[in-house]
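In: Quick one, fold the following:
(4 chains)
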Amino acid sequence: MTTGYSPSEMMVVAASRALSSDDVCFVGIGAPSAACNLARLTHAPGISLVYESGTIDTRPDVLPLSIGDGELCATALTTVPVAEMFQYWLQGGRITIGFLGAAQLDRFANINTTVIGSYDRPTVRLPGGGGAPEIASACQETYVIARHTPRVLVGMLDFVTSFGHGEGGDHRRRLGLTTRGPSLVVTDLCMLRPDDETKELTVVSLHEGVDPADVEEATGWPVRFAPGVERTPSPTDDELTVLRDLHRRTELAHGGPA
Amino acid sequence: MTTGYSPSEMMVVAASRALSSDDVCFVGIGAPSAACNLARLTHAPGISLVYESGTIDTRPDVLPLSIGDGELCATALTTVPVAEMFQYWLQGGRITIGFLGAAQLDRFANINTTVIGSYDRPTVRLPGGGGAPEIASACQETYVIARHTPRVLVGMLDFVTSFGHGEGGDHRRRLGLTTRGPSLVVTDLCMLRPDDETKELTVVSLHEGVDPADVEEATGWPVRFAPGVERTPSPTDDELTVLRDLHRRTELAHGGPA
Amino acid sequence: MATIVPLQEAIATTVADGDTVAMEGFTHLIPFAAGHEIIRQGRRELTLVRMTPDLVYDQLIGAGCASKLVFSWGGNPGVGSLHRLRDAVEHDWPGPLELEEHSHAAMANAYWAGAAGLPFAPLRGYVGSDLRDVNPRIAEVTCPFTGESLAAVPALRPDVAIIHAQRADRDGNVLLEGIVGVQKEAVLAAARAVVTVEEIVDDLAAPSPNSIVLPRWAVDAVAVVPGGARPSYTSGYYDRDNAFYRAWDDISRDRDRFTAWIAEHVRREAP
Amino acid sequence: MATIVPLQEAIATTVADGDTVAMEGFTHLIPFAAGHEIIRQGRRELTLVRMTPDLVYDQLIGAGCASKLVFSWGGNPGVGSLHRLRDAVEHDWPGPLELEEHSHAAMANAYWAGAAGLPFAPLRGYVGSDLRDVNPRIAEVTCPFTGESLAAVPALRPDVAIIHAQRADRDGNVLLEGIVGVQKEAVLAAARAVVTVEEIVDDLAAPSPNSIVLPRWAVDAVAVVPGGARPSYTSGYYDRDNAFYRAWDDISRDRDRFTAWIAEHVRREAP
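Out: A predicted model of the protein is given here:
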């Protein structure tokens, strides 16, 4: 891996590039929030960021630690009650891109954020679905950001919290969903997109310094590569500067690393 | 009839007396609005007036000409969207007393404000139900204000817009309604209340100068009188002064008689 | 995404013959100027949707723009009847007008369902009312938990929603305040949304973080029309012209007088 | 009708063992002081309802007040796990904790239905999610117009809702502003409502006619508790104590350290 930036920075930068000024994004805390705000501060100044706490078209100067930080409300075009956010704005079909994280992700981009182990007596009780089950169905499409390890990209989920492409193929359509579902997964190693036909996640781009074998080793299923897999362009100086400034402001504001 | 006040003033004053400081009233335009504001300005200063335009706990200085006058919003504790008004505040069961007018009213206090004649080819197309059908079912009880003529208090409605006591007896309960329904009808001649058992409207009080025969003549069914029918106390000087001041301010504000 | 265009263009590019059009505003912010532009453009066979058909719908109906009305209360508030509406229903003039009649609660819930992307709204409504018998679009739904039977109305999904608001910014974000009615719901329920505003400003200057603001991507066309809600009112800009509401009773009572009024005050006069 | 009383009395007269209690606040305005008072009063067997069980529910669960949790996301936002919640679910400490688990959309809709007097809410939700299999209180309802199948959740109707707000006036009318979450819905859905406020003022001074104001007759008890939302925040009064949220990760990881913290900072300290 080339020096000068971390895999995590590469992941956030790659995700940010998939966004445009026309997008209305439903943003989660952490890497999704970093990617969306990086896009807003670089190539997509018109992007509209929506957080489930009710803030619409918010322009935070620092990254929120929680989904309901005061900074989000203070810099928003408007703030609505949470019931309205889920009824009118998410369910109403107003969001172009939903950003999701994942504790576990399978080859069809189904997501588990509920439990590791059995539901009734879990080994690890995870936080749960939050907004994700409906973000996954109501947004025009969804992007997933995840660390690329075999514990995250697993062969079989312990629990399907948020439906991606189900068992693949036309499974979404069979359930009556008219939205596109997960169209991009960005990890710290590569970018994956669902195959047009089977909907199985396929590596379409490797980050700088990553070999196919690195990805195979870090993936819990025999991962496929697209023909002519590309090389993700490294972060530009501008992207890195803006991202690091954002993180620096955030650390100062929150009194510790975010 | 004694001089010094009009039958219409008697009607509004009698209705206002039925309200208390603990009430939360869903108020319609016209006589109901006059009665509610008269109560607020005399014996019931704590009463909370709610208009379907979304204004809650409003204290207008002049009577509104329309349900959405700016005066209602400017003097309200808060103003909510109309969908919320009907969902949370009316349907949510927060209103103690709903005030209704009527183009036609029958002996069980069912109300028609839709058509005279047939629905498909009416003789007179009336404005319609507006908020009344649900005011009639969702408020803890309702009061009706109407001019006492045989064309208003009719033997048979042309159309049931808002359900009162239906066919009488336990008809409300049979339809699953848990609210009390119409508990008082105030006209310019008298006050009527439903019989405890049959729910038929029964004259309980005659306004000053009104004989039982006057009421019988003005009612489209053989109207019953309660044993020991009372005499409605005439408006006090204070009531008349406050009511007339209210109307005078209203005329000035609206550039004509309201 | 909102574009800021002249009123003529805003209506011409969004409203076609046969469309279902919801012009909302609850006493406050009624989009009269936009309604007049529809009359000038000679639209026909519209289905007009509105909780409280006010003078603006009386004018559209009398001018022959509408073949159907979806509504819950059709009067001249505090004055009396809408004579053009009555003439259409009672005497088919200038043509027959089909009615789909609801209660306020049902209309508000139907807009709510449209905004919320649901096919229907459940409500505790219409109990014992004959409206159920004359409107086939009132159905029942059973609560899967309690077994209770509730009323259900289908979502309103107009082709176009048209509203008036205080102001927009240069990106087309719109602010309304005061009595806000069902305008947000109408805009979000519709396929296309047109907003006339008193003015375009650099900064919406929302008085609180919770005012009603419609983001630019929820609106298609914004047109600057100062006084666009007259004779209704725009809080912070001008008062309701109650005298005109009273005068309308006479103007509208007579077909010829109405037609002359439209010719003089609507067809001849572009804003 | 609201009465203004001390916090101790507000909780003692509204919260009983076995009650269903919803303490809401979405990052902002979380009613910590009221939660601590519940711990001090030793309530038991509570069903705790909250979209985002935050530190306040971690504390109530660890202190043994709860036997059931109705929720949709249970973490320490931006930090990690709620260790007391996990310990209860994973190891039954200090006792077993039954879970009723939803998505945010479903919880918000369930509060909406409770506030709206409906027995259930329909939503486009849970499609393909295993949550349907582990929560029997997620059902289906069919649209009577389109035949579409939708998810349905039962209305939330807590015995008590507890929220924190910026201020109340002397009549007990309450104002909240900023991120307002589902607090209005929780209050209107509940049989009883308690509000802690930063201060009592002569005039609520709502910044716009459309701020969220709860009229006095929608509230039962108002208690003045300056700082009552700490370590969360109250917009216009104080910021979120992010350092405490981080510190909680260590405090709560260990049962003894947690218990000592509660003894020192909650049980010993009345506001």
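In: which stretches of the stretch 1-150 of chain A form helices?
Out: For the stretch 1-150 of chain A, the helices defined by DSSP state H, counting those that start in this stretch occupy A:7-17, A:31-41, A:70-74, A:82-84, A:132-138.
In: Could you check the fourth one against chain D for contacts?
Out: Yes. Applying C-beta under 8 Å from any C-beta of the partner chain, one finds that helix A:82-84 is in contact with chain D at A:82, A:83. From N, CA and C alone the C-beta is placed, and that goes for glycine too.
In: Which residues does that helix contact?
Out: Helix A:82-84 has contacts (C-beta atoms under 8 Å, 6 or more residues apart in numbering or on different chains) with A:52-54, D:26, D:51, D:104, D:108-109, D:111-112, D:180-182, D:185.
In: which of those are close to chain B?
Out: D:112, D:185.
In: can you redo the contacts of helix A:82-84 as JSON lines with secondary structure, pLDDT and distance to residue A:141?
Out: Shown next, in JSON lines, are the contacts of helix A:82-84 (DSSP: H, G, I helix; E, B strand; the rest coil; pLDDT from 0 to 100; distance: C-beta to C-beta, whole Å):
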{"residue": "A:52", "secondary structure": "coil", "pLDDT": "94", "distance to residue A:141": "18"}
{"residue": "A:53", "secondary structure": "coil", "pLDDT": "94", "distance to residue A:141": "22"}
{"residue": "A:54", "secondary structure": "coil", "pLDDT": "95", "distance to residue A:141": "23"}
{"residue": "D:26", "secondary structure": "coil", "pLDDT": "94", "distance to residue A:141": "26"}
{"residue": "D:51", "secondary structure": "coil", "pLDDT": "98", "distance to residue A:141": "25"}
{"residue": "D:104", "secondary structure": "helix", "pLDDT": "98", "distance to residue A:141": "20"}
{"residue": "D:108", "secondary structure": "helix", "pLDDT": "98", "distance to residue A:141": "23"}
{"residue": "D:109", "secondary structure": "helix", "pLDDT": "98", "distance to residue A:141": "24"}
{"residue": "D:111", "secondary structure": "helix", "pLDDT": "98", "distance to residue A:141": "29"}
{"residue": "D:112", "secondary structure": "helix", "pLDDT": "98", "distance to residue A:141": "27"}
{"residue": "D:180", "secondary structure": "coil", "pLDDT": "94", "distance to residue A:141": "29"}
{"residue": "D:181", "secondary structure": "coil", "pLDDT": "96", "distance to residue A:141": "28"}
{"residue": "D:182", "secondary structure": "coil", "pLDDT": "98", "distance to residue A:141": "27"}
{"residue": "D:185", "secondary structure": "helix", "pLDDT": "98", "distance to residue A:141": "30"}
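In: winner for burial among the helices of the stretch 1-150 of chain A?
Out: Neighbour counts (mean count of other C-beta atoms under 10 Å in any protein chain shown) averaged over each of the helices of the stretch 1-150 of chain A peak at helix A:132-138, with a mean of 29.
In: That one vs chain C: in contact?
Out: Yes. Using C-beta under 8 Å from any C-beta, helix A:132-138 reaches chain C at residue A:138.
In: among the helices of the stretch 1-150 of chain A, which gets the worst mean confidence?
Out: Of all the helices of the stretch 1-150 of chain A, helix A:70-74 carries the lowest average pLDDT, namely a mean of 90.
In: Enumerate the residues of chain A near chain C.
Out: Contact residues (C-beta under 8 Å from any C-beta) of chain A with chain C: A:22, A:24, A:48, A:56-57, A:73-74, A:76-80, A:87-88, A:91-94, A:138.
In: Need the per-residue pLDDT for the closest residue to residue A:69 other than its chain neighbours.
Out: Excluding its sequence neighbours, the residue lying closest to residue A:69 (C-beta to C-beta, 6 or more residues apart in numbering or on different chains) is residue D:27, at 6.4 Å. pLDDT recorded at residue D:27 is 94.
In: pretty sure residue D:27 contacts residue A:52?
Out: No. Counting by C-beta atoms under 8 Å, residue D:27 stays clear of residue A:52, with 10.4 Å between them.
In: May I see the buried residues of stretch C:240-248?
Out: By 16 or more other C-beta atoms under 10 Å in any protein chain shown, the buried positions in stretch C:240-248 come out as C:240, C:242, C:245, C:246, C:248.
In: if we can go back for a sec, can you pull the phi/psi pair for the residue nearest to residue A:69?
Out: Dihedral angles phi and psi of residue D:27 (degrees, to the nearest 10) take the values phi 70, psi -50.
In: Contacts only, for it.
Out: By C-beta under 8 Å, 6+ apart, residue D:27 lies in contact with A:53, A:66, A:67, A:68, A:69, D:52, D:54, D:77, D:179, D:232, D:233, D:240.
In: mind redoing it with 7 Å?
Out: Neighbouring residues of residue D:27 by C-beta atoms under 7 Å, 6 or more residues apart in numbering or on different chains: A:53, A:66, A:67, A:68, A:69, D:77, D:179, D:232.
In: thinking again about what came up before, neighbour count for the contacts of helix A:82-84 - can I get that in TSV?
Out: Conversion of the contacts of helix A:82-84 to TSV gives the following (neighbours: other C-beta atoms under 10 Å in any protein chain shown):
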residue	neighbour count
A:52	28
A:53	28
A:54	31
D:26	28
D:51	29
D:104	30
D:108	32
D:109	31
D:111	34
D:112	29
D:180	29
D:181	29
D:182	33
D:185	30
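In: Which one of the contacts of helix A:82-84 is nearest to chain C?
Out: The closest of those to chain C turns out to be residue D:180 (C-beta to the nearest C-beta; 6.7 Å).
In: I'd say the closest one and residue D:212 touch.
Out: Yes. Under the criterion of C-beta atoms under 7 Å, residue D:180 makes contact with residue D:212 at 5.1 Å.
In: Name the nearest residue to the residue in the stretch 1-150 of chain A positioned nearest to chain C, sequence neighbours excluded.
Out: For the stretch 1-150 of chain A, the residue closest to chain C is residue A:78, as judged by C-beta to the nearest C-beta, at 3.6 Å. Leaving out its chain neighbours, the residue that sits closest to residue A:78 by C-beta to C-beta, 6+ apart is residue C:213, at 3.6 Å.
In: Specify the local secondary structure of the one you found.
Out: Look at residue C:213: counting by DSSP: H, G, I helix; E, B strand; the rest coil, its state is strand.
In: could you list every residue that touches it?
Out: Applying C-beta under 7 Å, 6+ apart to residue C:213 gives the contacts A:77, A:78, C:173, C:174, C:175, C:204, C:206.
In: Neighbour-wise, give me the winner out of these.
Out: residue C:174 (28 neighbours; other C-beta atoms under 10 Å in any protein chain shown).
In: Hmm, that residue is touching residue C:164, no?
Out: No. Judged on C-beta under 7 Å, residue C:174 makes no contact with residue C:164 at a distance of 10.0 Å.
In: Now do the helix or strand containing residue C:21: which elements does it pack against?
Out: Per DSSP states H and E, residue C:21 falls inside strand C:20-23. When contacts are defined as 3 or more C-beta pairs under 7 Å, 6 or more residues apart in numbering or on different chains; DSSP states H and E, strand C:20-23 packs onto strand C:46-50, strand C:160-169.
In: The helix or strand following the first one and chain B, any residue contact?
Out: Elements were assigned by DSSP H and E; along the chain past strand C:46-50, the next helix or strand is helix C:55-62. No. Helix C:55-62 lies out of reach of chain B by C-beta under 7 Å from any C-beta of the partner chain, never closer than 11.1 Å.
In: Now do helix C:55-62: everything it contacts.
Out: With contact meaning C-beta under 7 Å, 6+ apart, helix C:55-62 is reached by C:23, C:30, C:32, C:35, C:38-39, C:48, C:50, C:66, C:76, C:82, C:84-85, C:88, C:94, C:97, C:245, C:248, C:252, C:258, C:262, C:266.
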